[in-house]
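Q: what would the 3D arrangement of this be:
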Amino acid sequence: MTAYPLNIALIVEDIHLPAWQAALLRRLSAQTYIQIKLVLLAEQSRTWSLNPVKFRFFKKIRELEVKLLETTHPADQLVNISGLLDSSFVKLNSAIAKVEYFNKSINLVINLTAKDKLPEYLIANTQYGVWYYFYNSHLERSSRWAGIQEFNLNQNGIVSGVMVKSAYFKQDRYLWISYTSKQCLLSKTHDNLLWKMLEFISVLCQQASDYETGKKFIQHRHLATLVDKLIYIDSICYCALVTENFLILLLGFLATHLKRLINKLTVHKQWVLLKTEKNPIDHFSKTDQSKLLYAPTKGFAADPCLVEEKGEQYVFFEEYLENKKRGRIVCAKLVDLESLGNKVEPIPVLERDYHLSYPFVFKDADTWYLVPESAENRSLDLYRCTQFPDQWEFVKSLLTDVDAYDATLHQYAGRWWIFVNIRPHLSSSPNELLYLFSADSLLADQWRAHPANPIINHADKARSAGALFEKDGVIYRPSQNCAGSYGRGLNLNAIIEWNEQTYKEISVAQCIPSGRASLEGMHSISCLGNTIISDGIYTRKRWRKA
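A: You can find the predicted model right below:
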């Protein structure tokens, strides 16, 4: 497919950009079909858009979190970009800016500032329009406020995305809408939101280069993006009004951290395995009512994968070793787990000097294969079974140099497919961007990235929760709901369109534990007939015996 060149003009506040925007420029500059030909300086002062007192307060809070708590690389740390680009730097409102714009045949403008009023020629003449980010609601353009309101109001998620101003349309149009989870810390919430946005414009540029005209691209993206998340925008718009009261912000922040500290000191959490015998589709929303199958005396058990070999059912799962602070892959016969419970000694299957989890076990041509999560090793590895169930040999790495989580494979339409979560940056969440790759064979050297990647970009349904399965001609993909917290619950998604160009699914059921019987989360499910093995996180007060 022909890649049409993009000649880009950037609008920036000055030559110092937040770190996440500087990283975006590096990504764009590395693409052969992209040339950043012009940088327009808005010369806009870096002031707090609502209240300077709040700005100073939250700046100090974030600095304190960085010093005292585990935190992330600050997304808004300023970086000098003068050495990153060979482009001309001119003032936005200068006469020379207009001359340079036409001389360099600009066909895309990316506005990285909160400035809304732009010279008319930029909108009237730019083929692919003027792209800009929005945070929290379509009214908020300043990244300095991103995530703070939702964190203090204890909302599960934050809406963000990309919009476009174009002469082709009277109203600005949505190119990208994403739903990002609130994190446990204010700094993590803020940074995760911004680092995740690295993907937005990078992917949009790649997709825009497939269209000869900007009008066709905008029409395509607008229709493909306006799905089920716009409702969140209306619910979030009121935040700007509620949180104008500084006292509410302060008390909300203190209450959130106090609650987190109390829970950490008084509550013990353990992932365990659950079992039920029900129709997996009809019973999906009641999966949290499953009975306890296995709770280890130490550590935890999670990510079950149920398979059958020679008439016996085996459960492969992650066993987390507290003394080593990492997981390994183990298995046990289902009948032993049912009869012996926590007295079972799981059979070690695979252990490395890095964390392993989410054992995806499957059979191809009478051979068993295993793909565990090994993001800590920055690889996605395939193992072949030499003696079932505990002898496995390394075959090859399917993906390398990537932070890949919970890879789920499936053979469909004559190809092998990998559904896998990938995080764009070390400080972003691994739960929110789902990618799809395919190849002609399982052992292929190259896996082709799906052109719609990331196929899901919402925290409440992106991350995989188990193997795909088919019933009555419909293929279902279980996924995790990580909006607000990791492993908050499960979704069942019906795939309605799937080929080498398109992927679409709709959620048909969900299970969100409400604390019943101290079960407060789930994140994996495995079905074999009407046998359902899932995991769940049980909580109890530390002074109570298990």
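Q: just to be sure, Y383 is in a strand?
A: Yes - according to DSSP: H, G, I helix; E, B strand; the rest coil, Y383 belongs to a strand.
Q: list the beta-bridge partners for it.
A: Y383 forms beta bridges with L370, F394, as assigned by DSSP bridges.
Q: give me the residues contacting stretch 283-294.
A: Stretch 283-294 is contacted from outside by 272-276, 278, 301, 332, 337-338, 341-342, 344, 489-490, 492, 509-514, 516, 519, 522, 525, 532-534, 536, using Cβ atoms under 8 Å, 6 or more residues apart in numbering. C-beta here means a position set from N, CA and C on the backbone, and glycine is covered the same way.
Q: take the residues you listed and keep only those in strands.
A: Using DSSP state E, the members of those that fall in strands are 272-276, 301, 332, 489-490, 492, 509-511, 525, 532-534, 536.
Q: ok, back up a step: any of the contacts of stretch 283-294 buried? List them.
A: Buried subset of the contacts of stretch 283-294 (neighbour count, 16 or more other Cβ atoms under 10 Å): 272-276, 278, 301, 332, 337, 344, 489-490, 492, 509-513, 519, 522, 525, 532-534, 536.
Q: from the chain's centroid, how far away is stretch 369-378?
A: 18 Å (Cα atoms, centre = their mean, to the nearest Å).
Q: three-state assignment of A97?
A: A97 falls in the helix class when you classify it by three-state DSSP.
Q: ok, it touching V90?
A: Yes - between A97 and V90 a contact is recorded at 4.8 Å, counting by Cβ atoms under 8 Å.
Q: residues in contact with E212?
A: Y4.
Q: that one belongs to a helix?
A: No - read with three-state DSSP, E212 is coil and lies in no helix.
Q: give the contact list for D406.
A: D303, Y358, E373, V420, N421, R463, S464, A465.
Q: now with 10 Å?
A: 303, 357-358, 360, 371-373, 375, 419-421, 430-431, 434, 462-466, 479-480, 523-524 (Cβ atoms under 10 Å, 6 or more residues apart in numbering).
Q: neighbours of the nearest residue in space to G484 that is not next to it in sequence, how many?
A: Of all residues not flanking G484 in the chain, N156 sits nearest, at 3.2 Å (Cβ to Cβ, 6 or more residues apart in numbering). The local packing of N156 (other Cβ atoms under 10 Å) involves 18 other residues.
Q: how about N156, phi and psi?
A: With angles defined as degrees, to the nearest 10, N156 sits at phi -70, psi -30.
Q: list the residues that contact it.
A: 150, 179-182, 232, 459-460, 481-485, 488.
Q: from the chain's centroid, how far away is stretch 437-444?
A: Stretch 437-444 sits 24 Å away from the centroid of its parent chain (Cα atoms, centre = their mean).
Q: swap in stretch 19-35?
A: Offset of stretch 19-35 from its chain centre (Cα atoms, centre = their mean): 21 Å.
Q: which residue of the protein lies farthest from its centroid?
A: Each residue of the chain has a distance to the centre, and by Cα atoms, centre = their mean the biggest one is for A95: 42.7 Å.
Q: report pLDDT for that residue.
A: A95 is assigned 91 on the pLDDT scale.
Q: got it, and E140?
A: Here, the pLDDT recorded for E140 equals 61.
Q: and for D234?
A: For D234, the predicted pLDDT is 42.
Q: cool, and the one 3 residues further on?
A: According to the predicted model, the pLDDT of C237 comes to 43.
Q: one more: C205?
A: pLDDT, C205: 94.
Q: so V162 sits against A208, correct?
A: No - the criterion here is Cβ atoms under 10 Å, and V162 misses it with A208 at 11.2 Å.
Q: between those two, point out the one with more neighbours.
A: Ranked by neighbour count (other Cβ under 10 Å), V162 and A208 place A208 first, with 27 against 22.
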